[in-house]
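# sequence unknown, structure follows:
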């Protein structure tokens, strides 16, 4: 790939880097290393960058690439939902208190039980900080469909988390952890 193409790729990637890493971190929670998914996704996207038709869809392309690589990794490992102590310790070391770390762990477990598109919407909006319009573009849906999906997902999360923690408090904790880290 020419230097021009490399520069073009980097110009598209740099503005979305932080959000993309947060998305990958939330998506890989307890299953694989975030850095592995980020690097594999970037390498894959870079190799096929010439085939990208619309540069406005670059972020969506990156997200789909990461999601597909993640799913392939799950298929290879035949993940059975086992608890990963290292992932919990990493999360615990970043959190302000053990109670919040346990709430976040529980939240991720509940999120993992949502349908795939709902998981992705929650992770992109609540954790990675993407706008509804960006999520609509990533998921190839209308803005209103994303809003409805987010509403239903939040409602299901509230129901699942009832008694365990206040949803808004847990989501605020997640935002604080990710935004102070990055």
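Right, received. Where do you want to start? Every value quoted in this text rests on a predicted model; they were computed, and no experiment measured them. Numbering: from 1, shown residues only.

# from here on, contacts and neighbour counts on C-alpha atoms
Fine.

# what about stretch 122-138, how long is it end to end?
Across stretch 122-138, the terminal residues are separated by 13 Å (CA to CA, to the nearest Å).

# buried set for it?
For stretch 122-138, burial by neighbour count (16 or more other CA atoms under 10 Å) applies to 122-130, 132, 134-138.

# so what touches it?
19-20, 22-23, 26-27, 57, 59-61, 63-64, 111, 121, 142-143, 145-147, 150, 153-154, 171, 174-175, 178 (CA atoms under 8 Å, 6 or more residues apart in numbering).

# how far does it sit from the chain's center?
Remark: stretch 122-138 is offset 9 Å from the chain centroid, using CA atoms, centre = their mean, to the nearest Å.

# returning to that earlier point: keep only those of the contacts of stretch 122-138 that are in strands.
Nothing among the contacts of stretch 122-138 maps onto strands, per DSSP state E.

# domain parsing for this protein?
For the chain, the structural domains run 3-77, 85-181, going by automatic domain parsing.

# looking at the ones you listed, which has the lowest confidence?
Note on the domains of the chain: lowest mean pLDDT is at domain 85-181, with a mean of 73.

# can you tell me how far the most centrally placed residue in the chain sits from residue 8?
With distances taken as CA atoms, centre = their mean, residue 23 lies nearest the centre of the chain, 2.5 Å away. From residue 23 across to residue 8, the span is 22 Å (CA to CA).

# next one: the residue nearest to residue 108 when sequence neighbours are not counted from residue 112, what distance?
What sits nearest to residue 108 in space, not counting adjacent residues and going by CA to CA, 6 or more residues apart in numbering, is residue 29, at 7.6 Å. Per CA to CA, residue 29 is found 10 Å from residue 112.

# helix or strand: which one has the closest residue in space to residue 65 that isn't next to it in sequence?
Using CA to CA, 6+ apart and skipping the chain neighbours, the partner closest in space to residue 65 is residue 41 (5.8 Å). Using DSSP states H and E, residue 41 sits within helix 34-47.
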